[in-house]
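Colleague: Here's my sequence, what's the structure:
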Amino acid sequence: MLISAAQDGSIIVWNALNGHKLDLIELKSTWVMSCAFSKSGRMTASGGLDNTVTIYKISETGQAQPTAPPSHPRELVEHGGYISGAVFIDDTKVISSSGDQKCILWDTERGTALHTFSEHKQDVMDIDMLNDNLCVTGSVDHNCKVWDYRLDSKTKTMTFHGHEGDINSVCAMHNKYSFISGGDDSRVMLFDTRSYSPLQEYKDAKISHGIASVALSSSGRYAFAGYDDSIARTWDTLTGELVQNIGNQGQPTHSNRVTCLGVNSNGTAVATGSWDMTLRVWA
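Modeller: Numbers count the residues shown, from 1 in each chain. Prediction:
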């Protein structure tokens, strides 16, 4: 399954193989900025300019059902800014990132905030799980941070420098130690928590557009980045070289900026989303 969000006040669950809609979930806010699936595929989280994380439960038939009666989905209200991202730990816990410079760990069943993390100095733009205990975030303050979600906000975090612009997206490697980030400085950067420093930078002098989203192949050998010039590009994480643009016969990936992308669990396909109001799956 594939999930997408748009500024029409809805999120859609898709069958990625045939392009059919499995369900459309209408939300209270028309300004949806982020959405996420739990690992089990049974829960969705979404949020945007309403400053609220909305949780829905997906039934075994693939249809979305609210965690409460249909008119009362689970709404997690604590943030003071827009919801930029969310990641599930399991079906009962989710962590959200926000423009209020904070991340919050939620108990989705009780609808309560368990911990608040406020180490960033500006808007937190994205979040991903690095391993079973650690999360990685990227922010407008040009830094990435790695922190232990089990502990409170007083916990010392690891801060990773290197970007010269807003960081819009982060993605963790499957090795549970490394991650990449992409930002408005047109850079994709590879960091490793064991060396506490950047390992590689992916940038071409001919590319000046910002990066809205990044993802990694299942092996970590390739990094994918969606740019504001309507092109998604593939980088070799070992050599630092640009491998190819994602598109048909040299054409741009989309007709407008690429705002999101992701790799399926077995690493056989890349999905891209764009301001041109389309989702495309490349295999």
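Colleague: Which pLDDT does the model give S71?
Modeller: On pLDDT, S71 comes in at 41.
Colleague: er, A68 I mean
Modeller: pLDDT, read off for A68, is 45.
Colleague: Going forward, the N-terminal residue is numbered 87.
Modeller: Done: numbering now begins at 87, and the last item shifts to A154.
Colleague: can you pull the contacts of T279?
Modeller: With contact taken as CB atoms under 8 Å, 6 or more residues apart in numbering, T279 is in contact with 216, 220, 232, 244, 263-264. C-beta coordinates here come from the backbone N, C-alpha and C atoms, glycine included.
Colleague: Give me the phi and psi angles of it.
Modeller: Dihedral pair for T279: phi -70, psi -20, per degrees, to the nearest 10.
Colleague: re earlier: now the contacts of T279: which count as buried?
Modeller: Taking 16 or more other CB atoms under 10 Å as the criterion, what is buried in those is 216, 220, 232, 263-264.
Colleague: Follow the chain on from the helix or strand of the chain with the lowest mean pLDDT and name the next helix or strand.
Modeller: Lowest mean confidence among the helices and strands of the chain (mean pLDDT, DSSP states H and E): strand 150-152, at a mean of 54. Next along the chain after strand 150-152, taking DSSP states H and E as the criterion, comes strand 160-163.
Colleague: Can you list the strands that that following strand pairs with?
Modeller: Note on strand 160-163: by DSSP bridges, its sheet partners are strand 138-144 (antiparallel).
Colleague: Find the pair from the contacts of T279 with maximum spatial separation.
Modeller: The two members of these with the most space between them (CB to CB) are M244 and S264, at 12.6 Å.
Colleague: Could you list the low-confidence segments of the protein?
Modeller: Along the chain, the parts satisfying pLDDT under 70 run over 145-158, 238-241.
Colleague: can you pull out the helices in it?
Modeller: For the chain, no helices turn up when DSSP state H is the criterion.
Colleague: Give me the nearest residue to Y168, chain neighbours excluded.
Modeller: Beyond its immediate neighbours in the sequence, the residue positioned closest to Y168 (CB to CB, 6 or more residues apart in numbering) is G185, lying 4.4 Å away.
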